[in-house]
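1. Generate coordinates for the sequence data below:
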Amino acid sequence: MVRIYSKKRKELVGIIEHIINNKGEIWELPIVEVKQREGFSMFTSAIPVDASYILFRRIPREYNDPKGSKKALKEKKINNIEKSMRGNHRFTSPTSLVANILCEERRWGCKLSVCQNNNSIKYLTINLLAIKERLYKAKVDEDGFIIDEDRLTLGYLIDGHHRIEGIYQSDEEGFELPLTLYFDLPREDMPEIFVDINYYQEKPSQIQNLGIKALSGTLSSTEQKAKEIMLLLNTEPWSILKDRIKDLDSNRPKGRLRPYISSKLFYKLLYQQMLKHIKESIQFTNQAHLINDYFMAWSNVFREAWADEKKHVLVKSMGVQIMMRLFSQIHSNAIIENQGNIPDFNVYKSVIEKALGGGQLLKIDEGNDSIKMPINWTSDFYGVYSSGKGINTIVNALTQHITNKLYV
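-> From the prediction side, this is the model:
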């Protein structure tokens, strides 16, 4: 990608003139000291998005730039932030921008002073007029970009590139963002700060995401139902899946059973592949019992595969995905089998037994050839199909097999 981390001089001129109109030629930015480690001068404040383009040079985020971050800007992330800004008037961005300001080196443009009434509060005085004059004098390349941005800016932006670009593209240039500001941090320390922010952070699990959405009241009725059913299936003593859905990002407490599948994947398949085929009029706890009956039926038809996790794939992520993706077809056949009534354990068991049980063989087409495998879920036969593409192959073959054996 080409210089998306920067702006052309013409655009920068418009930005600084806008800021001067709002702040004046001399801008006093209050900052609050954050005491963390000896030898680090660190403060917190807030600045409008457009000011970041004037104050800080972006660390080039291009794969082919030896001085830049090898993690290039992703247009999709920028577009998603822009979409959120435009489409949700309650959108906020609480995470701080992180920057390094070279106050000693760039005295022509900034200085630090102490608040007389509170030693923890200081003022960063920014000479916007001096920056503007340098901007007009700066040499540009054939595309209009500043050639030597270090002579123009007061420091470097370490983190927040996607956020700033997305918000700026939404035409919300005055939107204020929290700012964590290092003073005179050695340049060689900046990559380490970036790694500390991005490499070691833990992403929230699907359970956490759903919990936040539930608290905020933004879950759809089906999403809410899926969340509650997943929770019931993973916690209630009557559920065959109790403690088998991974709901923790960290290591599981000692004594907990090995999970079959992640909460993120289970929720996705529950929401997309199962709930849409169950009548909405059925109370959600009864829907949870129905889904439990479905898995119980599988465990009863394939007892050995369900009991032996080491030599079979049925109660690994691959197997659970297959069972969930076959639900619509088996559920439809179970309704027909039960003369239009809601299926239960016995009906599901009967349908699965007829369709797949009794040592039947599964035909799998591979190019111009085909192979036949016993429907026994052993790792020896099915382990090679554990990839996403492989699971699709098995699901497609099973779908055709069930169609040939049953009603639909």
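
2. correct me, but residue 342 touches residue 277?
-> No: Residue 342 sits out of contact with residue 277 when judged by C-beta atoms under 8 Å, with a separation of 11.9 Å. For the C-beta atoms, the positions are set from N, CA and C on the backbone; glycine is no exception.

3. what about those two, which has more around it?
-> Ranked by neighbour count (other C-beta atoms under 10 Å), residue 342 and residue 277 place residue 342 first, with 16 against 13.

4. Please state the backbone phi and psi of that one?
-> In terms of degrees, to the nearest 10, the main-chain angles of residue 342 are phi -70, psi 130.

5. how about low-confidence regions in the protein?
-> 1-5, 59-73, 188, 191-192, 194-220, 248-255, 367 (pLDDT under 70).

6. hmm, what's the outermost residue in it?
-> Within the chain, residue 116 marks the point farthest from the mean C-alpha position, 44.6 Å out by C-alpha atoms, centre = their mean.

7. Next, work out how far apart that residue and residue 88 are.
-> Distance from residue 116 to residue 88, counting by C-beta to C-beta, to the nearest Å: 42 Å.

8. Residue 158 in helix, strand or coil?
-> Taken by DSSP: H, G, I helix; E, B strand; the rest coil, the conformation at residue 158 corresponds to strand.

9. So it versus residue 183, what's the distance?
-> 13 Å.

10. Overlap in contacts, those two.
-> Jointly contacting residue 158 and residue 183 under the rule C-beta atoms under 8 Å, 6 or more residues apart in numbering are residue 100.

11. For the protein, just list every one of the strands.
-> According to DSSP state E, the chain carries its strands in the segments 26-33, 42-48, 56-58, 97-101, 110-114, 121-127, 155-159, 176-183, 245-246, 261-262, 361-366, 369-374.

12. now those strands as CSV including mean neighbour count and distance to residue 273?
-> Formatted as CSV, the strands of the chain follow (neighbours: other C-beta atoms under 10 Å; distance: least, C-beta to C-beta, whole Å):
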stretch, mean neighbour count, distance to residue 273
strand 26-33, 16, 50
strand 42-48, 18, 45
strand 56-58, 23, 43
strand 97-101, 24, 40
strand 110-114, 15, 57
strand 121-127, 18, 54
strand 155-159, 22, 38
strand 176-183, 20, 40
strand 245-246, 24, 15
strand 261-262, 20, 13
strand 361-366, 14, 20
strand 369-374, 11, 23
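
13. could I get those as TSV with distance to residue 84?
-> Listed next are those as TSV, based on distance: least, C-beta to C-beta, whole Å:
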stretch	distance to residue 84
strand 26-33	27
strand 42-48	18
strand 56-58	21
strand 97-101	17
strand 110-114	32
strand 121-127	29
strand 155-159	19
strand 176-183	14
strand 245-246	28
strand 261-262	25
strand 361-366	43
strand 369-374	47
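
14. what's the spacing between residue 231 and residue 58?
-> On the measure of C-beta to C-beta, residue 231 and residue 58 end up 43 Å apart.

15. Residue 128: what's it in contact with?
-> Taking C-beta under 8 Å, 6+ apart as the test, what residue 128 contacts is 16, 19-20, 23-27, 54.

16. Please apply the same query to residue 136.
-> Residue 136 neighbours (C-beta under 8 Å, 6+ apart): residue 13.

17. what separates it from residue 9, distance-wise?
-> Residue 136 sits 8 Å away from residue 9, taking C-beta to C-beta as the criterion.

18. next one: residue 30
-> Separation of residue 30 from residue 9 (C-beta to C-beta): 30 Å.

19. Check the contact between residue 20 and residue 129; I expect there is one.
-> Yes: in this structure, residue 20 is within contact of residue 129 by C-beta under 8 Å, at 7.4 Å.

20. Output the contacts of residue 128 as JSON lines; include the columns distance to residue 396.
-> Below are those laid out as JSON lines (distance: C-beta to C-beta, whole Å):
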{"residue": "16", "distance to residue 396": "59"}
{"residue": "19", "distance to residue 396": "59"}
{"residue": "20", "distance to residue 396": "64"}
{"residue": "23", "distance to residue 396": "62"}
{"residue": "24", "distance to residue 396": "67"}
{"residue": "25", "distance to residue 396": "68"}
{"residue": "26", "distance to residue 396": "69"}
{"residue": "27", "distance to residue 396": "63"}
{"residue": "54", "distance to residue 396": "56"}
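
21. Can you select the buried ones among those for me in ChimeraX?
-> Buried residues among those (16 or more other C-beta atoms under 10 Å), as a ChimeraX selection:
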select :16,19,20,27,54
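
22. Among the contacts of residue 128, which are located in helices?
-> Counting by DSSP state H, the contacts of residue 128 place 16, 19-20, 23, 54 in helices.

23. for those residues, which one is nearest residue 245?
-> Of all the ones in helices among the contacts of residue 128, residue 245 sits closest to residue 54, with 49.2 Å by C-beta to C-beta.

24. how long is stretch 266-285 end to end?
-> For stretch 266-285, the first-to-last residue distance is 17 Å (C-alpha to C-alpha, to the nearest Å).

25. contacts for that stretch?
-> Here stretch 266-285 has contacts from 206, 210, 222-223, 225-230, 232, 245, 287, 290-291, 320-321, 324-325, 327-328, 331-332, 342, using C-beta under 8 Å, 6+ apart.

26. does residue 46 really touch residue 176, like I thought?
-> Yes: using C-beta under 8 Å, residue 46 is in contact with residue 176, at 4.8 Å.

27. follow-up on the earlier one: residues contacting the residue farthest from the centre of the chain?
-> So residue 116 contacts nothing (C-beta under 8 Å, 6+ apart).

28. Just give me the neighbour total for residue 55.
-> Applying other C-beta under 10 Å, we find 26 residues neighbouring residue 55.

29. Let me see the domain layout of this protein.
-> As assigned by automatic domain parsing, the chain contains the domains 9-198, 206-405.

30. what distance separates the last one from the middle of the whole chain?
-> Taking C-alpha atoms, centre = their mean, to the nearest Å, one finds the center of domain 206-405 at 24 Å from the center of the full chain.

31. ok, now the shortest one?
-> Here the centre of mass of C-alpha atoms in domain 9-198, compared against the chain's by C-alpha atoms, centre = their mean, lies 25 Å away.

32. Tell me how many other residues crowd residue 96.
-> Using other C-beta under 10 Å, residue 96 is surrounded by 18 other residues.
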